[in-house]
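Student: My questions concern the predicted model and sequence given below.
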Amino acid sequence: MNKKRHSLKDIARELNVSVTTVSFVLNGKGKEKKISDEVIKKIQDYTRKINYRPNLVAQSLRTGKTKILVFMVEDISNYFFSKIARIIEDIAYKEDYKVLFCSNENNDDRSRELINLFYERQVDGFIIIPSPGIKDSIQMLINNNIPVVLFDRYFDDLDTNYVVIDNENSTHHGTQHLLSRGYRNIGFITIDVDQIQMKGRLDGYLNAITENKLKSYVLKIPYSETGSKNGKKQIQQFLQKNPDLDAVFFSTNYLTQIGLEVLREDHPRKLQEMGIITFDDNDLFKIYSPSISAVAQPLKKIGKELMKIMMEMLQTDKGIKSTRHVVLDTKLIPRDSSLPKEEKLMHS
């Protein structure tokens, strides 16, 4: 038999107080409204006793807010995305919001399905890493005055709020770091997607190589194959086809993990001799042998900027009138994998 859901009216009737008094106490405003300590304690004790849970549907109908945000990324299990998710969750909690986390697998159909699902359930706002073809869905949210902030990437011809990294300068700086350490045949392994963040990372690498009049070596792996045996095979073939490579720059941390596995299994000597840099840091890269140099994104700053924009939109009628574009710098963390080439060869 289903237990009866207690309403504010039921509690007020039982305790012989007004519904307004119960509401103020349950919303933490008892002291502010000068309700006596005795009444506050009586209401709190009773609601704990009956295990009272507010009717969120009725609450959202009354206030027009669900106090729920959606955080949609490629893969919530990825180190980078999960770290950002935790930062956002903590900030949201302090603002009395809860966050729903979901993964779109960089797939447009899945992205649209999730956006429509949460839109119909009237969540208050969306923080989204968009898949390539969902500009129409983002525009729909904007047209309906739903707060939305993009991060990691955006659409050139869509005026919306976003928080991103200076990808081009970051990979340019990382490539120059390898060049300054004596490496000249530098490969770049990236994702084969038509998205602005990956274009920027590739451009930064190519610009540094061109400026130094060197040859570029680029491998693009379809996103759908990065977690498959075929993705690993493509890296194996790339290394076999280009035996003169003395360094590799990986454009994402999950590509780095696959690449390190290939090097450890097929080229253990090269693993110690080659220069290696990853875009996106990971705690495991610090203790790997050799420890892996990384272009680290400012996780806390990203999370704070995303939530700053979101909260401003939520607290402003019909959202912020002008869009905010935030571009953040990364930090290069040199470790053993990018020690000077001569030094590595001496100790290999």
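Tutor: Received the coordinates, thanks.
Student: On the three-state scheme, the residue most central in space within the chain is what?
Tutor: What sits nearest the mean C-alpha location of the chain, by CA atoms, centre = their mean, is residue 81, with 3.7 Å. Classification of residue 81 using DSSP: H, G, I helix; E, B strand; the rest coil returns helix.
Student: Look up how far residue 79 lies from the residue nearest to it when sequence neighbours are not counted.
Tutor: The spatially closest residue to residue 81, leaving aside those adjacent along the chain, is residue 73, at 4.2 Å (CB to CB, 6 or more residues apart in numbering). (Each C-beta comes from the backbone N, C-alpha and C, glycine too.) Noted for residue 73: a distance of 12 Å to residue 79, by CB to CB, to the nearest Å.
Student: These two - which one has more neighbours?
Tutor: residue 73 (24 against 18; other CB atoms under 10 Å).
Student: quick one, phi/psi of that one?
Tutor: Main-chain torsions, residue 73, degrees, to the nearest 10: phi -130, psi 180.
Student: Show the contacting residues for it.
Tutor: Residues in contact with residue 73, defined by CB atoms under 8 Å, 6 or more residues apart in numbering, are 81, 84-85, 101-104, 129, 152.
Student: right, and the secondary structure at residue 92 would be what?
Tutor: helix.
Student: give me every residue that touches the closest residue in space to it that isn't next to it in sequence.
Tutor: Nearest non-adjacent residue to residue 92, counting by CB to CB, 6+ apart: residue 99, 5.0 Å away. Contact analysis of residue 99 by CB under 8 Å, 6+ apart lists 68-71, 85, 88-89, 92.
Student: got it, and residue 257?
Tutor: Neighbours of residue 257 in contact, by CB under 8 Å, 6+ apart: residue 282.
Student: And the one helix or strand it maps to, how far out from the chain middle?
Tutor: Element membership of residue 257 [criterion: DSSP states H and E] is helix 253-266. Relative to the centre of its chain, helix 253-266 is centred 22 Å away, using CA atoms, centre = their mean, to the nearest Å.
Student: likewise stretch 42-49?
Tutor: The answer for stretch 42-49 is 40 Å, by CA atoms, centre = their mean.
Student: Buried residues of that stretch, list them for me.
Tutor: Going by neighbour count (16 or more other CB atoms under 10 Å), the buried part of stretch 42-49 is 43, 47.
Student: The residue nearest to residue 248 when sequence neighbours are not counted: what secondary structure?
Tutor: With CB to CB, 6+ apart as the measure, residue 187 is the residue that lies nearest to residue 248, at 4.6 Å, once sequence neighbours are left out. Secondary structure, three-state DSSP: residue 187 is strand.
Student: and the gap between residue 187 and residue 194?
Tutor: 21 Å.
Student: re earlier: which of the contacts of residue 73 are buried?
Tutor: Buried among the contacts of residue 73 by 16+ other CB under 10 Å: 81, 84-85, 101-104, 129, 152.
Student: Show me the strands in the protein, by range?
Tutor: Remark: strands assigned in the chain by DSSP state E are 68-73, 98-103, 125-128, 148-151, 161-165, 186-191, 217-221, 247-250, 275-279, 293-296, 325-328, 331-333.
Student: Give me the contacts around the third one.
Tutor: What that stands for is strand 125-128. 69-72, 88, 111, 115, 118, 138, 141, 146-151, 306, 310, 313-314.
Student: Correct me if wrong: residue 96 contacts residue 67.
Tutor: Yes. In this structure, residue 96 is within contact of residue 67 by CB atoms under 8 Å, at 6.1 Å.
Student: before we move on, the earlier item: buried residues in the helix holding residue 257?
Tutor: 253-260, 262-263.
Student: which sections of the stretch 1-150 of the chain are below the confidence cut-off?
Tutor: Along the stretch 1-150 of the chain, the parts satisfying pLDDT under 70 run over 1-5, 53-64.
Student: Now with 80, please.
Tutor: Within the stretch 1-150 of the chain, the ranges that satisfy pLDDT under 80 run 1-8, 26-29, 51-66.
Student: Which one of residue 187 and residue 194 is surrounded by more residues?
Tutor: The neighbour comparison of residue 187 against residue 194 (other CB under 10 Å) goes to residue 187, with 22 against 8.
Student: ok, now which ones touch the more buried one?
Tutor: Applying CB under 8 Å, 6+ apart, the residues near residue 187 are 217-219, 238-239, 242, 245, 247-249.
Student: and the residues you listed as JSON lines, adding neighbour count?
Tutor: Shown next, in JSON lines, are those (neighbours: other CB atoms under 10 Å):
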{"residue": "217", "neighbour count": "20"}
{"residue": "218", "neighbour count": "14"}
{"residue": "219", "neighbour count": "21"}
{"residue": "238", "neighbour count": "19"}
{"residue": "239", "neighbour count": "21"}
{"residue": "242", "neighbour count": "14"}
{"residue": "245", "neighbour count": "18"}
{"residue": "247", "neighbour count": "25"}
{"residue": "248", "neighbour count": "30"}
{"residue": "249", "neighbour count": "30"}
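Student: for these, which one is nearest residue 29?
Tutor: Set against residue 29, the nearest of those by CB to CB is residue 249 (54.8 Å).
Student: Many thanks, we can stop here.
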